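Q: Model the following, please.
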Amino acid sequence: MAIKRNIQYLNKDFTELRASLINYARTYFPTTYNDFSPSSPGMMFMEMAAYVGDVMSFYLDNQIQENFLQYARQTNNLYELAYMFGYKPNVTQVATVDVDFYQQVPAISSGGSYSPDFTYALSIPESTTLISNTSGSVPFITQDPIDFSVSSSGDPTEVTVYSVTGTTINYFLLKKTRKAISSAINTTTFTFTAPEQFATVQISSPNIVGILDIVDSDGNKWYEVDYLAQDTVFDSIKNTNVNDPNLSQYSGDTPYLLQLKQVQRRFATRFLNSTTLQLQFGAGTSNDTDEEILPNSDNVGLGLPFEKDKLTTAFSPSNFMFTKNYGIAPSNTTLTVRYLTGGGAGANVPANTINTISSGNIRFLNSNLNAVTANTIFNSLVVNNALAADGGGDGDSVEEIRQNASSNFATQLRNVTQDDYLVRSLSMPAKYGVIAKAYIEPTKAQSVQSGAAASILDLYVLSFDNASKLQVASLALKQNLSTYLSQYRMVNDSVNIKDAFIVNIGVNFDIIVLPNYNSNEVLAKCITSLREFFAIKNWQINEPIVLRDLYILLDAIDGVQTVKTVTISNKVGTNLGYSQYAYDIPGATVNNVVYPSLDPCIFEVKYPSTDIQGRVVSL
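A: Modelled structure (predicted):
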């Protein structure tokens, strides 16, 4: 009959395990062994067992610890855990800087006035390499293309007179500004023969920023996606009559149209450690047609194992077909991969040091040009950074990976709250049009049709014109915004994009000036302060005007003894350059607060130089 042993499972370190083994021997083998002196053979075996137990306990604790994001210490485990939470760690921090591009263009005369000849406008592609003349010659690349012939509120082309002979203007100077990041372009190739499911390759290099592009030997472009089940990517085309006859009329404020493009050639990337980037490709071949299936009641859930019941299946919006290929696997081709490296503290170069264009397919938009003039114009292209580059540094620290991964898991790039939609709308890249102001609210109960879903949101937007004045967003801009939001919208949310109302106002005030102060100077200071207060950058849709704030603002100006009156008036009339919408300012004023209308609107002082007026009066 077996003897029941009392075994302790809580001892984990060497001392406790050794004491437990001695106690076990004394309890169950009192006559067999009783020499527990440090030099006895029995103690040697007990201490060896305690040593092995202590080591195993340590590694067990360590492995358990490495499974939790908040406790893991090893970098490779942190990277894996971060990807589980949907966060891609940064192994380097690039510096960013605004770079000004200048070019001359000839002047053309028409009706006694001069204007730039945009037929000599240059086109500079994205990823053009610039070099800083600091020690080390830090490289920078542009993030967006430049077209000097296009000017919009989000991408203005500044025009100034450059050369004059007497009263004749010879040349104009065009200026555009672009963001540049401290990165160098590197190239490597990978050759594939027979197709392999989920083939992976690795790029090893310090300070890898990411993949710039991949092109195979047949000229096909491969697209980076967050995960291989994602089969659509954002794509942009120039807003021209050829590409879209209906929307080309809005090319002034929407130079590019945003589209969703379905792609089979795609790849996903992940960092294995701080110097190794892994690229993973799909599992199908070009003969597979899974991705061309149209969803219907017969094939949704296609590929479910063992013909499981669809009633209890969790369907993913990214792959409700359960397709098997997850993109094409490269085969019998060579992929040319261009990737970026750079960043670090040394990339924070001073101002006025980025002056050289190293490489880039810079060209004229038109071909039939005077050769001598074209050569002069081409050589006139210069660049400069008026401000210092900043943001360069090391990659994510251990604690930053933990915090960023936790934060990313909470958001998951989805629009969950109303503020999520608001921020996502304002973050749309400028080349697709600029949303100047946005406001979102649930659709009013009286506007919801019978049987309509309750989760309907109304997104009110406005844009800027070339003079940074508010205007109604164009149809092309709204379409781009709709396409942009579609990738982040919750499946049960409906978003109606509408126009907010613009209410133009004027401000009149009377002040009393202290003795011994120059009335004109004090009045000018008051007008300047009000202009800054009513600058459109400081105002949002549905923000009220608190008159008390205006009194406090004017009272604080040196030389003002008393503010007698501040009056807000409505400026209306398209023939005068104002909004067409009239607004009852006195009726909307309650307790010295001018409230907006129930239909979302924004107050705008459109012409500050004339719409803000003041007087100095006597007591």
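
Q: Just the buried residues of stretch 601-613, please?
A: Cys601, Ile602, Phe603, Glu604, Val605, Lys606, Pro608, Asp611, Ile612 (16 or more other Cβ atoms under 10 Å). Backbone N, C-alpha and C define where each C-beta goes, glycine included.

Q: Report all helices and strands that the helix or strand of the chain with the lowest mean pLDDT contacts.
A: The helix or strand of the chain with the lowest confidence, counting by mean pLDDT, DSSP states H and E, is helix 398-411 at a mean of 78. Contact here means 3 or more Cβ pairs under 8 Å, 6 or more residues apart in numbering; DSSP states H and E; on that basis helix 398-411 packs against helix 75-84.

Q: what is the rounded mean pLDDT of the helix it packs on?
A: Across helix 75-84, pLDDT averages out at 85.

Q: Check which helices and strands it is in contact with.
A: By 3+ Cβ pairs under 8 Å, 6+ apart, helix 75-84 packs against strand 266-273, helix 398-411.

Q: in it, what counts as buried?
A: Applying 16+ other Cβ under 10 Å to helix 75-84 flags Thr75, Asn77, Leu78, Tyr79, Glu80, Leu81, Ala82, Tyr83 as buried.

Q: ok, those residues vs Ser37, which is closest?
A: Comparing those against Ser37 with Cβ to Cβ places Asn77 closest, at 44.3 Å.

Q: Next up, the contacts around the closest one.
A: By Cβ atoms under 8 Å, 6 or more residues apart in numbering, the residues touching Asn77 are Glu66, Asn67.

Q: So it versus Ser406, what's the distance?
A: Separation of Asn77 from Ser406 (Cβ to Cβ, to the nearest Å): 15 Å.

Q: do Val590 as well
A: From Val590 to Ser406 the distance is 45 Å (Cβ to Cβ).

Q: between those two, which one's more packed in?
A: Ser406 (14 against 9; other Cβ atoms under 10 Å).

Q: surely the more buried one meets Leu69?
A: Yes: Ser406 is in contact with Leu69 according to Cβ atoms under 8 Å; the separation is 6.9 Å.

Q: Tell me how many other residues surround the closest residue to Asn220 other than its chain neighbours.
A: Excluding its sequence neighbours, the residue lying closest to Asn220 (Cβ to Cβ, 6 or more residues apart in numbering) is Arg265, at 5.7 Å. A count of nearby residues for Arg265, using other Cβ under 10 Å, gives 19.

Q: got the angle for the longest helix belonging to the chain vs helix 75-84?
A: In terms of residue count, the longest helix belonging to the chain (DSSP state H) is helix 41-65. For helix 41-65 against helix 75-84, the angle between stretch directions is 40 degrees (axes from the mean of the first three to the mean of the last three Cα atoms, to 10 degrees).

Q: residues contacting the most centrally placed residue in the chain?
A: For the chain, Ser427 is the residue whose C-alpha lies nearest the centre (Cα atoms, centre = their mean; 6.2 Å). Contacts for Ser427 (Cβ under 8 Å, 6+ apart) come out as none.

Q: which sections of the stretch 401-550 of the chain are below the confidence cut-off?
A: Within the stretch 401-550 of the chain, the ranges that satisfy pLDDT under 70 run 410-413, 445-455.

Q: Could you rerun that using 50?
A: Within the stretch 401-550 of the chain, no stretch has pLDDT under 50.
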